[in-house]
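[1] Need coordinates for the below:
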Amino acid sequence: MTRLVAGVLEKNNLPPAIFTSFCGGADIGQAIAKDTRISLVSFTGSSKVGQMVQQTVNQRFGKCLLELSGNNAIIVMDDADIQLAVRSVLFAAVGTAGQRCTTCRRLLLHESIYQIALDQLLDVYKQVKIGNPLEKGTLLGPLHTSESRKSFEKGIEIIKSQAWR
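    Numbering: from 1, shown residues only. Take a look at the predicted model:
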């Protein structure tokens, strides 16, 4: 990803070093939060971890940009354009592989359109190509870490246990 962004920056006569991306766990995050050379730390994740990041950055008088605990719902009422709602749900839930705070994680459907919307969602989800996100046609790429995968699978189990029919 860093190479792709660097290429875009270079094509626009900007220094490629203005963007850096790190993959890692809490150890990388703690190092970034503590590093006085980094004046602004942007973090997306849980409120619990975000609070720890903010406290660490505040201790060194740094600044934080936090986007925490997204658990967004899409509400679809009985007068909605169902096809538009289905496309919106698909993008909001799958477009970034669920790895952003604004990902749709809950869907509230009016009972009169519940089955129609559910059937259409199932149809579009069957068409989702999962694979290498750099290949044309792939909509859903892999999760970032094995911990992300475990968390995702746990979330699916919770959702299944809460399903209302």
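
[2] what sits against the closest residue to Q83 other than its chain neighbours?
    Among residues not flanking Q83 along the chain, Q120 sits closest, at 7.0 Å (CB to CB, 6 or more residues apart in numbering). No exception for glycine: its C-beta is placed from N, CA and C like everyone else's. Contacts for Q120 were tallied using CB atoms under 8 Å, 6 or more residues apart in numbering; they are I82, Q83, V86.

[3] Now do the SS call for Q120.
    helix (DSSP: H, G, I helix; E, B strand; the rest coil).

[4] Now do it against K126, distance only.
    11 Å (CB to CB, to the nearest Å).

[5] Could you do R106 as well?
    Distance, R106 to K126, using CB to CB: 21 Å.

[6] who has more neighbours, the two?
    Taking neighbours as other CB atoms under 10 Å, R106 and K126 compare with R106 leading, 12 against 7.

[7] pull the CA atoms of the helix or strand of the chain with the lowest mean pLDDT into CSV?
    Sorted by mean pLDDT, DSSP states H and E, the helices and strands of the chain end with helix 146-162, the least confident at a mean of 83. Taking C-alpha atoms only, helix 146-162 is exported to CSV below (Å, rounded to 0.1, in the frame of the first residue of the first chain):
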residue,chain,number,x,y,z
SER,A,146,-5.2,-13.3,12.3
GLU,A,147,-6.6,-11.4,15.4
SER,A,148,-8.9,-9.4,13.0
ARG,A,149,-10.1,-12.7,11.5
LYS,A,150,-10.8,-14.2,15.0
SER,A,151,-12.7,-11.0,16.0
PHE,A,152,-14.7,-11.1,12.7
GLU,A,153,-15.6,-14.7,13.2
LYS,A,154,-16.7,-14.1,16.8
GLY,A,155,-18.8,-11.2,15.6
ILE,A,156,-20.5,-13.5,13.0
GLU,A,157,-21.3,-16.0,15.8
ILE,A,158,-22.8,-13.2,18.0
ILE,A,159,-24.9,-12.0,15.0
LYS,A,160,-26.2,-15.5,14.4
SER,A,161,-27.1,-15.9,18.0
GLN,A,162,-29.1,-12.6,17.9
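
[8] I am finished for the moment; much appreciated.
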